[in-house]
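[1] Turn this into a structure:
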Amino acid sequence: MMPVLCAIFLGLVKSPDLEPFLGSYRADFSRARKHRGVFEAYFGKRAMVLVRDGTFEICGLNQSGYWRKEGDKLILVYRGVFGLSLPDSKESLKRAIPKSSLEGMILRIQPDRTLRLDNLGVAQGPITFSRKKDEPLMTLVRKIGNFEHPDNAESYQLMRNRATSEQKFLVRIAHEPKESYEAKVGAAISLREIQLLKPETSSFLIDALPALQSRNQTAKELGLERIIRTTTIAAILTRPSMRARHVLIRQVELGKVDARQLKPLFLKWKQPEDAALLTEWLNSEQSDRIEIALQILAGANNKVALEKSYSLRENASPQVQHLAHATIARLSPEKLERIESLRFLTSKITNRESPYQINASAALALVQTSESLPYLAASLLAPGTNEFGRSQIAVALGDLGDSRAVPSLLEAYADDSLWRYSEVRNQVLTAIRRIRNAKAKLPRE
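    Presented below is the predicted three-dimensional model:
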């Protein structure tokens, strides 16, 4: 009873009468009247999984979509055709009626709860889909963690029906030293899926974090620890609390957590003691602590960050160097210093040979002054700027909200060389719309 109530509360099940149909189905086409080979090629031994959130997948066929119950029928509508997305919106597909086998299937519910498909294009049925018996949770977890297992994709989809109600079990498996590598990976992936389906932060995730430590020093085990730790922290940060704040900061100080992951937490709470902690981190030898300290303190116009940035320009970490220059460009009272730092960042962004273009782009985006606008615009249009840097810069121009950026954005949108990068085009168009729809805004000088 509790899993059903939990799912309804999370908005994943629209009505209780869908619950009996959740799970994995296999097709029996032995009674097909014509073109049985079509059914065999399409379904074969593949699993069709109906998921609680209203989606389904035919595993191994790269075919997925949305399903719903109407009377004595289950209506399945494809979101695309063999990996090619349809132009229809998600909401319209959820309401659509498939007009051909290329758009979906209409399955008739039988008295024994099997599902019957009469035809599939020219192939004449009937074929019957029978629901597979639920496997033990631990079996699913191990299959998910073994990427070479033939049931890997099916198990992943099935876990989406159960992960939310099995959080405590999954956390225990992920953190249990004696469990196998596959079981730990499977549990970690399942926990990440909970976050994607419906963010829920529970106290047991916070309690489990300090216990995370690698008992084996092989590269495989260390990689696994990073997966589990990142997943756990992401789940905590979806709805951060003061308790989570204290635990995560302590984990940073122990060297167990990358300080940069805590940015959402600092931005949300803005505690008085944060300034002192971040100032302390500015003097750290750990680059991740210096980076987050510069980002937060510079955004708050903290003069201590500015003073420290002059020496941090020579730091061994290029990321720290870039953020130090961004802090100077934002806060320095000396125009020549600001311009020098803006030019430095622009040179790094437009140098296609540099491995740190993205970091430099992110740093320049943090400056957010009208003085930075021509440098952002120049970086957006420079041939040497890669597509990731262009996307970040387009977002920064939209954040800046200065109408003087529109000509450069329009020029970028019209640039034929950018049309193969859909993300760049989308961000450029979004920035133009944001600027044009915004009320008059005077950027900080």
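[2] distance of the nearest residue to residue 403 once chain neighbours are set aside from residue 422?
    Leaving out its chain neighbours, the residue that sits closest to residue 403 by C-beta to C-beta, 6 or more residues apart in numbering is residue 435, at 5.8 Å. C-beta: built from backbone N, CA, C; applies to glycine. Using C-beta to C-beta, to the nearest Å, residue 435 is found at 21 Å from residue 422.
[3] try residue 301
    Counting by C-beta to C-beta - residue 301 and residue 422 are separated by 36 Å.
[4] element containing residue 116, please.
    strand 115-120 (DSSP states H and E).
[5] on that earlier part again, between residue 435 and residue 422, who's got more neighbours?
    Neighbours were counted for residue 435 and for residue 422 using other C-beta atoms under 10 Å; residue 435 has more, 20 against 10.
[6] Domain-wise, how is the protein divided?
    Per the record, the chain has its domains at 2-133, 334-445, by automatic domain parsing.
[7] Now do residue 43, the pLDDT please.
    At residue 43 the predicted local confidence, pLDDT, stands at 85.
[8] right, and the secondary structure at the residue nearest to it when sequence neighbours are not counted would be what?
    The spatial neighbour of residue 43 that comes closest, neighbours along the chain excluded (C-beta to C-beta, 6+ apart), is residue 27 at 3.9 Å. Of the three states, residue 27 takes strand under DSSP: H, G, I helix; E, B strand; the rest coil.
[9] Which strand residues bridge residue 27?
    Each beta-bridge partner of residue 27 is listed here, defined by DSSP bridges: residue 129.
[10] ok, it to residue 231 distance?
    Per C-beta to C-beta, residue 27 is found 34 Å from residue 231.
[11] Same check on residue 291?
    Using C-beta to C-beta, one obtains 22 Å as the distance from residue 291 to residue 231.
[12] if we can go back for a sec, tell me the most buried of the domains of the chain?
    domain 334-445 (a mean of 18; mean count of other C-beta atoms under 10 Å).
[13] all helices for the stretch 1-150 of the chain, in order.
    Assigned by DSSP state H, counting those that start in this stretch, the stretch 1-150 of the chain shows helices spanning 2-9, 36-42, 90-95, 137-145.
[14] Alpha carbons only: can I get the longest one in PDB?
    Right, helix 137-145. Below are the C-alpha coordinates for helix 137-145, written out as PDB (Å, rounded to 0.1, in the frame of the first residue of the first chain):
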ATOM      1  CA  LEU A 137      15.100  -6.100  -6.100                       C
ATOM      2  CA  MET A 138      18.600  -7.300  -5.600                       C
ATOM      3  CA  THR A 139      18.500  -9.100  -8.900                       C
ATOM      4  CA  LEU A 140      17.500  -5.900 -10.700                       C
ATOM      5  CA  VAL A 141      20.300  -4.000  -8.900                       C
ATOM      6  CA  ARG A 142      23.000  -6.400 -10.000                       C
ATOM      7  CA  LYS A 143      21.700  -6.400 -13.600                       C
ATOM      8  CA  ILE A 144      21.700  -2.600 -13.700                       C
ATOM      9  CA  GLY A 145      25.300  -2.600 -12.500                       C
END
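[15] between the helix or strand following that helix and helix 137-145, how big is the angle?
    Downstream of helix 137-145, the first helix or strand assigned by DSSP H and E is helix 152-159. Orientation of helix 152-159 against helix 137-145 (axes from the mean of the first three to the mean of the last three C-alpha atoms, to 10 degrees) gives an angle of 130 degrees.
[16] show me where pLDDT drops low in this protein?
    Within the chain, the set of residues satisfying pLDDT under 70 comprises 1-16, 81-89, 195-225, 228, 269, 418-420, 438-445.
[17] How about residue 252: what's its closest non-neighbour residue?
    Excluding its sequence neighbours, the residue lying closest to residue 252 (C-beta to C-beta, 6+ apart) is residue 259, at 4.7 Å.
[18] quick one: that neighbour from residue 286, how far?
    Look at residue 259 and residue 286: by C-beta to C-beta, they are 7 Å apart.
[19] which element is residue 296 on?
    The secondary structure element spanning residue 296 is helix 287-299 (assigned by DSSP H and E).
[20] Work out the gap between that helix and the centre of the chain.
    Centre-to-centre, helix 287-299 and its host chain are 23 Å apart (C-alpha atoms, centre = their mean, to the nearest Å).
[21] do stretch 392-404 as well
    23 Å.
[22] just stretch 109-119 next, same as before
    On C-alpha atoms, centre = their mean, the centre of stretch 109-119 falls 37 Å from that of its chain.
[23] try stretch 92-99
    Between the mean C-alpha point of stretch 92-99 and the mean C-alpha point of its chain there is a distance of 27 Å (C-alpha atoms, centre = their mean).
[24] neighbouring contacts of it?
    Under the contact criterion C-beta atoms under 8 Å, 6 or more residues apart in numbering, stretch 92-99 has outside partners 54, 65-66, 68, 75-79, 86, 88, 103-106.
[25] just checking, which of these belong to strands?
    When strands are assigned by DSSP state E, the members of these inside them are 65, 66, 68, 75, 76, 77, 78, 104, 105, 106.
[26] Now do the third one against residue 296, distance only.
    Separation of residue 68 from residue 296 (C-beta to C-beta) stands at 46 Å.
[27] Thought residue 105 was touching residue 116, still the case?
    No. Checked against C-beta atoms under 8 Å, the pair residue 116 and residue 105 is beyond contact range at 10.5 Å.
[28] Now residue 50: closest residue in space, sequence neighbours ignored.
    Nearest non-adjacent residue to residue 50, counting by C-beta to C-beta, 6+ apart: residue 56, 5.0 Å away.
[29] Thanks a lot, catch you later.
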